[in-house]
Each structure stands twice: as C-alpha cells, then as structure tokens.
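Novice: coords below, sequence missing:
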C-alpha cells in the first residue's frame, strides 16, 4: 500500500499529503511519515513547492490531531475500546497510556516528535482522560511543527538517499519504542518493589 500511495504523489501532490497526514492522526494505518519524506524530496527536485509541502502537512497534522482529541472528548471510552480490539493497536494504546500517565503534557510533545507512532493514541487518550484542550494544544502544535519540519527537511536534504533514510528512520523509531517499553516496565517494577518494601516494613512495626 505504501508504494501505491507514494506513486500518487506526482499526480495528487498536496491533496494527497493533506488527506494521508490528517487520517494518520486519527490512527488510520497510512504511511504519513514516508509520504512527507517523499514530498520533501519532490520539493528538492522542484516538482513541489517546499513551503506549500510544509504548510499542507502541518495543517493536516493539526486538523487530524484536534479531531482525534475532540472525538475522544465526546466519545471517550467507546473509541478507545474500539481501537483496543485491534491486536496491532492494543499494545500501542497501552504504551501511550503509560506514557501519558507518567509524563502528562510532556508525553503529548514526545508523541508528536520522537515518539510519533504513538501520536494518535496519545491524542485520543488526552481527550478521553480529561486533559484540558489548552494544555494539549500547547504541546501538540509545536510538536506538529517540529515533526513536519523534520520530515520535510530530511526528505529535501537527503532526496537522493530517500530509501536508506526511510530504513534508518524506521529502525530509529523501533529502538525508541522498545526503550520506552523497557523504561516503563522498569519504573513499574520499581514502584511495586517500593510498595512491597513499605508494606513489609509496616508489618514489622
């Protein structure tokens, strides 16, 4: 599917970018990152306007992100329950929930930048969990700008090495997500160990 979508860039350009990025922010499994990288490379060759690629991707990110937040604010648990039934999405939702509980607003910024695969789930969880719209947007909008600038810029600068760049990016996010899970498990075990130690201490008093 990724190759099919990327092949449509020369014909549909900015419209395709807007649709794919906004839908990806709603947890629709579309290759938004790869598409924006590719759009950056097309801008380097002069086939697309660099400025318009950035504006389109950024606007789509903000729109999809805000829609996800307000869908969850209105529907809340029903949306998360529906997403959680998917074997592919359930682990991502669990990681996102732990990240949001541990880091709060910082989790929103992280999910919109270096942990972008968790972005849609953090947005849904933020809306369902009662995080204020102002606090959410304060982290989400700068995060969207950083993500867009990063991917468009990388695609533009490394236009001739796009395939290698995509592989490196994919591996990077895999390592980051694995590290996030490991850190989360360590913190959980530490909390449980501390709780058990305190309980034992009370028994001996």
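Specialist: Thanks, I have the structure now. The shown structure was predicted, so the numbers you read here are calculated from the model rather than taken from an experiment.

Novice: please count neighbours and contacts with C-alpha atoms only from this point.
Specialist: Will do.

Novice: what mean pLDDT does stretch 117-124 get?
Specialist: In this model, stretch 117-124 has a mean pLDDT of 81.

Novice: check which residues of stretch 51-67 are buried.
Specialist: 53-67 (16 or more other CA atoms under 10 Å).

Novice: so which of these belong to helices?
Specialist: When DSSP state H is applied, those are split such that 53-67 fall in helices.

Novice: which of the residues you listed sits closest to residue 18?
Specialist: Nearest to residue 18 among those, counting by CA to CA, is residue 60 at 5.1 Å.

Novice: so the closest one sits against residue 22, correct?
Specialist: Yes - Residue 60 is within contact range of residue 22, at 4.7 Å (criterion: CA atoms under 8 Å).

Novice: can you tell me what sits against whichever strand or helix holds residue 34?
Specialist: Assigned by DSSP states H and E, residue 34 belongs to helix 32-44. Identification of contacts with helix 32-44 by CA atoms under 8 Å, 6 or more residues apart in numbering yields 5-6, 9, 13, 17, 20-21, 24, 48-50, 53, 57, 148, 151-160, 162, 166.

Novice: are any of those residues buried, and if so which?
Specialist: In the contacts of helix 32-44, the ones that pass as buried (16+ other CA under 10 Å) are 5-6, 9, 13, 17, 20-21, 24, 48-50, 53, 57, 148, 151-159, 162, 166.

Novice: now the helices for the chain?
Specialist: Using DSSP H, the helices found in the chain span residues 2-7, 9-24, 32-44, 50-75, 77-84, 89-103, 105-111, 119-128, 133-157, 162-203.

Novice: among these, which gets the worst mean confidence?
Specialist: Looking at the helices of the chain, the bottom one is helix 162-203 with a mean of 50.

Novice: closest to residue 107 out of the buried residues of stretch 51-67?
Specialist: Nearest to residue 107 among the buried residues of stretch 51-67, with distances taken as CA to CA, is residue 65, at 14.3 Å.

Novice: tell me the contacts of the closest one?
Specialist: 22, 25-26, 120, 123, 140 are the contacts of residue 65 under CA under 8 Å, 6+ apart.

Novice: scan these and report the most crowded one.
Specialist: Counting neighbours by other CA atoms under 10 Å, the top entry in these is residue 123, with 34 neighbours.

Novice: contact partners for the nearest residue to that one once chain neighbours are set aside?
Specialist: Counting by CA to CA, 6 or more residues apart in numbering, residue 123 lies nearest to residue 69, which is 5.2 Å off, once chain neighbours are set aside. Contacts here follow CA under 8 Å, 6+ apart; on that basis residue 69 touches 123-128.

Novice: neighbour-wise, which one of those leads?
Specialist: Greatest neighbour count in the contacts of residue 69, by other CA under 10 Å, goes to residue 123: 34 neighbours.

Novice: that one is in contact with residue 108, isn't it?
Specialist: Yes - using CA under 8 Å, residue 123 makes contact with residue 108 at a distance of 7.4 Å.

Novice: contact partners for the closest residue to residue 63 other than its chain neighbours?
Specialist: Excluding its sequence neighbours, the residue lying closest to residue 63 (CA to CA, 6+ apart) is residue 22, at 6.3 Å. The contact partners of residue 22, taken as CA under 8 Å, 6+ apart, are 60-65.
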